[in-house]
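Q: Return atomic coordinates for the entry below.
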Amino acid sequence: MRDLSLFKHLNAGSLITVTCGLGLLYVGRDVLEPIALASILSLVIAPLIRSMRRAGLPQVPATALSVLLATTCLVGVGIVLAFQLVAVTGDLPKYRAAMRTKVAAVREIAERPFARIEAELSAVAPSGGTTATGKRGMTTITISPTQPIPVEIRAPRLTTTGALTRLFSLAWGPIGEAGLVLVLLIFMSLEHESLRDRLIRLGGQTETSRTIQALADAAQGVSRFFFSQFIVNITFGALIGVVLWALSVPHAALWGALSGLLRFVPYLGIMAAGAVIAVFVAAIDPGWTLALSVMVLFVALELVVANIIEPKVYGHSSGLSPLAVIVSALFWGAMWGPVGLLLSTPLTLCLVVAGRHVRTLEPVTILLGDAPAVTGAQRFYQRVLAGDIGAIIHDAHTYLERSSFARYCDHILLPGIVLAASDTRSGKMEKIQEERIRAVIADVAITLTPESGGPPKSRRRRDVSLLDANVGAHLRQMREARLGRWQGALDVPAHSVVLCVGLASMRDDLLSELLVRALREAGVDARSFSIIADNENPGPDTADLVSTVFIAYPVEAMLDQWLATVANLRAGLPESMLVTIRLPLIDPVPSASLVEKQVDMVLRSFEEALAFVAPERVPRP
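A: This is a model prediction of the structure:
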């Protein structure tokens, strides 16, 4: 009860902490927005500063030149866009007639089905009443002499000077905030080394290496990503502007800059930019050809940049899952408005990177990072418990497209079996789940290695009783049913056969059979058998066929029997290499030195075994 109350107390404390943090983000946005903008911009220009430092410039001149260059570009673009925006405002009356025509056409197309339904309903509805109607069934309204005449008040038409004055008054607030961001950016860039030292000191002596690694990730990986994203978006906007200019679309520079800026807003930004450009082009052109051409070019360019250019420039992923990008945009947009939308991906990416090194922020990395929250073995085990054999087979086929069955066993299948064995020994596994696990292991082995000796096509059901008793023996029996008593012909070249030997246990039989299938998938003539009292062998004249014998690694409970088996193998196959594989299983095993004295070599994975017997057939990862 005490532990449970402490758990509840910690949950309540965490909830209060998160709530207070969200409240501070919302209430203090006037202070936090400039700091966040300056921090992100400092990471953006950090590669430029480092390049100038490598060229020989000291810290202060490199920082000043980088900030001056970035500020000049932004101010120049802002001035050009301001004049473009004023020009668009003055030119809108020219496009009023075309806009009205397009709106009327779209409205007619949209209302036509509803008008037809209304006409059909009116035709079958009973007529009645004394309402006076005019032409086309419209009701005639008589205005009384005493009724007041509606008066329309129109605002005075703005001149160019008035428009500039109003625009300046609206922009005064953002200009002041931009100045504050610029000052913060300069000081953050100048005191980069000092800020890093302060953060390391704040992390404490025990967390020095973790803090240094986190800052290194932020200073290099994150800043490189932001800088690359900035270059890609600016290039995209420039290309859109050039395309629109080539198509004689007015104010092409404005629409190109708008595309590049809104592209910083994930997913929604580029859609909004495309919609605005499409509406404007449709308004200025009497037909629809120009609008459709612009939209096709816009979508084609976005697909090329998103799927070809971006992965080559800054990797296949930003470090965030696609759902996390959308959620972060909604969250930061609700917190900080348009500024939050622009900074949503950078801020969330910084939190994800920090969560890899700061335990408090680790849940953020698990929930929002693009790396899987569970390993392949854990996912395999979860799907086994859920009975989703189709998903397991699909994932396995995808894995085998770029790797081998031996590697699949090392990294997914065998670790998943270890998880199942651990739950079985702790009493967490039910009987039906144990049967399901055995069936899944057999199905995976048979499906992924059909040429290693799967069931005959005429046989639709497996031997359930044998499968329930021993999965490895079941798989070996199926292979013998297809390949013969000795699992293949005996008239083969000398030293071409690899034997996989195990004791009479479910563990050894399963490991031996999986190893045989992993080797046979690579073209190795591998065969297996289990050491039992009445075990037969092909005869002494076949001893020279075997080049290598893999014997399962011993467990403490069967060490004596294992030692006797090793002695018999030494006597019966004196020219063969005797190898064992120490897999990371949960069974207690004897000391490594004792095992190493009995065999010629100790390996640690199926992949090493494949490389040992057939190094030329190991696929490159």
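Q: where are the low-confidence patches of the stretch 1-150 of the chain?
A: Along the stretch 1-150 of the chain, segments meeting pLDDT under 70 span 1-14, 96-98, 106, 110-112, 114-115, 118, 120-150.
Q: same check, this time on the stretch 251-400 of the chain
A: Residues of the stretch 251-400 of the chain that meet the cut-off, pLDDT under 70, sit at 311, 314-319, 357-358, 370-374.
Q: Would you map the helices across it?
A: Counting by DSSP state H, counting those that start in this stretch, the segments of the stretch 251-400 of the chain that form helices are 252-262, 268-284, 289-304, 310-314, 322-336, 338-355, 362-368, 376-386, 389-400.
Q: can you give me the helices in the stretch 1-150 of the chain?
A: In the stretch 1-150 of the chain, the segments counted as helices under DSSP H, counting those that start in this stretch are 2-27, 29-54, 59-91, 96-124.
Q: Let's have the ones you listed in CSV, adding mean neighbour count and distance to Gly274.
A: C-beta: built from backbone N, CA, C; applies to glycine. Output for the helices of the stretch 1-150 of the chain, formatted as CSV (neighbours: other Cβ atoms under 10 Å; distance: least, Cβ to Cβ, whole Å):
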stretch, mean neighbour count, distance to Gly274
helix 2-27, 10, 31
helix 29-54, 18, 25
helix 59-91, 15, 17
helix 96-124, 11, 17
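Q: Of the ones you listed, which is nearest Leu385?
A: The stretch from those with the least distance to Leu385 (Cβ to Cβ) is helix 2-27; that distance is 25.4 Å.
Q: closest to Gly176 out of the helices of the stretch 1-150 of the chain?
A: Nearest of the helices of the stretch 1-150 of the chain to Gly176, taken as Cβ to Cβ: helix 29-54 at 10.0 Å.
Q: And the closest one, how far out from the chain middle?
A: 26 Å (Cα atoms, centre = their mean, to the nearest Å).
Q: so is Glu579 in a helix, a strand, or just coil?
A: Actually, residue 579 is Val rather than Glu. With DSSP: H, G, I helix; E, B strand; the rest coil as the basis, Val579 sits in strand.
Q: What distance do you get for it to Phe298?
A: Val579 sits 62 Å away from Phe298, going by Cβ to Cβ, to the nearest Å.
Q: between the helices of the stretch 1-150 of the chain, which one is nearest to Lys431?
A: Distance to Lys431, taken as Cβ to Cβ, is lowest for helix 2-27 among the helices of the stretch 1-150 of the chain, at 30.5 Å.
Q: which stretches of the stretch 401-550 of the chain form helices?
A: 405-408, 414-425, 431-448, 464-469, 471-483, 506-521.
Q: weakest of these by average pLDDT?
A: The weakest mean pLDDT among the helices of the stretch 401-550 of the chain belongs to helix 464-469, with a mean of 48.
Q: rewinding a little: looking at the helices of the stretch 401-550 of the chain, which is nearest to Glu575?
A: Of all the helices of the stretch 401-550 of the chain, helix 506-521 comes closest under Cβ to Cβ, at 19.5 Å.
Q: hey, C-alpha coordinates of the closest one in PDB?
A: What follows is helix 506-521, C-alpha atoms only, in PDB (Å, rounded to 0.1, in the frame of the first residue of the first chain):
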ATOM      1  CA  MET A 506      13.400 -29.200 -26.800                       C
ATOM      2  CA  ARG A 507      15.900 -26.300 -26.500                       C
ATOM      3  CA  ASP A 508      18.700 -28.100 -28.400                       C
ATOM      4  CA  ASP A 509      16.400 -29.500 -31.000                       C
ATOM      5  CA  LEU A 510      15.000 -26.100 -31.800                       C
ATOM      6  CA  LEU A 511      18.300 -24.300 -31.900                       C
ATOM      7  CA  SER A 512      19.800 -27.000 -34.100                       C
ATOM      8  CA  GLU A 513      16.900 -27.000 -36.500                       C
ATOM      9  CA  LEU A 514      16.900 -23.200 -36.800                       C
ATOM     10  CA  LEU A 515      20.700 -23.200 -37.500                       C
ATOM     11  CA  VAL A 516      20.300 -25.900 -40.100                       C
ATOM     12  CA  ARG A 517      17.600 -23.800 -41.900                       C
ATOM     13  CA  ALA A 518      19.800 -20.700 -41.700                       C
ATOM     14  CA  LEU A 519      22.700 -22.500 -43.200                       C
ATOM     15  CA  ARG A 520      20.700 -24.200 -45.900                       C
ATOM     16  CA  GLU A 521      19.100 -20.900 -47.000                       C
END
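Q: got the buried residues for it?
A: By neighbour count on 16 or more other Cβ atoms under 10 Å, the buried set for helix 506-521 is 507-521.
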